[in-house]
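*Asks:* Below: sequence and its predicted model.
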Amino acid sequence: MTPEHKQSILPQIEEFWKLDIDKRVAETYKDFQDLTTVYIGYYSVTEFTEFSKKAIGAVRSNFAIKII
């Protein structure tokens, strides 16, 4: 992947963080007391949000290190 391609992806990654996924999940599932019982596909909502943040964070870290 070229540095230019990586640079074009970084703004999209930052948009993910601007979504404030924890806040959106809390608003969407406000009627549920235990989010570990609500599933998105095969994952609970809590697992899904944590996995998403870890994956996007890892990509961002990897790109930032290799671009410099």
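*Replies:* Nice, thanks for sending it over. None of these values were measured; they are calculated from a predicted model. Numbers count the residues shown, from 1 in each chain.
*Asks:* what about Pro11, distance to Phe63?
*Replies:* Using C-beta to C-beta, to the nearest Å, Pro11 is found at 11 Å from Phe63. Placement of C-beta: from N, CA and C, glycine included.
*Asks:* More neighbours: which of those two?
*Replies:* Taking other C-beta atoms under 10 Å, Pro11 and Phe63 do not tie; Phe63 has more neighbours (18 against 8).
*Asks:* Looking at the helix or strand hosting that one now, give me its mean pLDDT.
*Replies:* Using DSSP states H and E, the element containing Phe63 is helix 45-67. Averaging pLDDT along helix 45-67 gives 86.
*Asks:* Could you tell me which residues make contact with the nearest residue to Arg60 once chain neighbours are set aside?
*Replies:* What sits nearest to Arg60 in space, not counting adjacent residues and going by C-beta to C-beta, 6 or more residues apart in numbering, is Ile13, at 4.8 Å. Counting by C-beta atoms under 8 Å, 6 or more residues apart in numbering, Ile13 makes contact with Ile56, Val59, Arg60, Phe63.
*Asks:* Distance of Ile13 relative to Phe63?
*Replies:* Look at Ile13 and Phe63: by C-beta to C-beta, they are 7 Å apart.
*Asks:* Same question for Ser44.
*Replies:* To Phe63, Ser44 is 28 Å away according to C-beta to C-beta.
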